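[1] Sequence and predicted structure, then a few things I'm wondering about:
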Amino acid sequence: MEIRELQDALAAFARERDWGPFHTPKNLAMALTGEVGELVEIFQWLTPEESAAVMADPERATAVRHELADVFAYLLMLADTLDVDLAAALTDKMVSNARKYPA
């Protein structure tokens with residue numbers, strides 16, 4: 001699926017549940033932060049070696065995939081709500097970073 005298709009699917013899911021009034025930029029940014037926290041929690045007390053091997057543990061791998069999906073979903077919804085083209089924003093940021101941090 002393309003980014004726009006994912007955003008449309010998420011918007012339809014929210015519409016079907018009447019969640020629109022709750023999907024303000026503030027609430028979506030806060031929810032995104034919460035989900036990032038849940039992702040960080042998986043890695044919190046792991047050594048660097050354990051964190052590099054986290055996907056070898058089926059339970060942890062599932063948890064990582066779920067939290068990454070939650071983070072991605074909220075990021076997509078926030079970008080959609082603010083009418084930000086994420087692909088263009090990332091491309092612009094990469095160009096900016098290349099100028100700021102030359103090789």
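    Arrived safely.

[2] And residue 19, how far from residue 28?
    Residue 19 is 11 Å from residue 28, where distance means CB to CB, to the nearest Å. Glycine gets a C-beta too; all of them are placed from N, C-alpha and C.

[3] Looking at these two, which has the bigger crowd around it?
    residue 28 (21 against 13; other CB atoms under 10 Å).

[4] Residue 81 is in contact with the more buried one, correct?
    Yes. Applying CB atoms under 8 Å as the test, residue 28 and residue 81 come out as touching, 6.1 Å apart.

[5] Please, where are all the helices along the protein?
    Assigned helices in the chain, in chain order: 3-16, 25-43, 48-52, 58-81, 86-100 (criterion: DSSP state H).

[6] of all the ones you listed, which gets the most neighbours per residue?
    Ranked by average neighbour count under the criterion mean count of other CB atoms under 10 Å, the helices of the chain are headed by helix 58-81 at a mean of 16.
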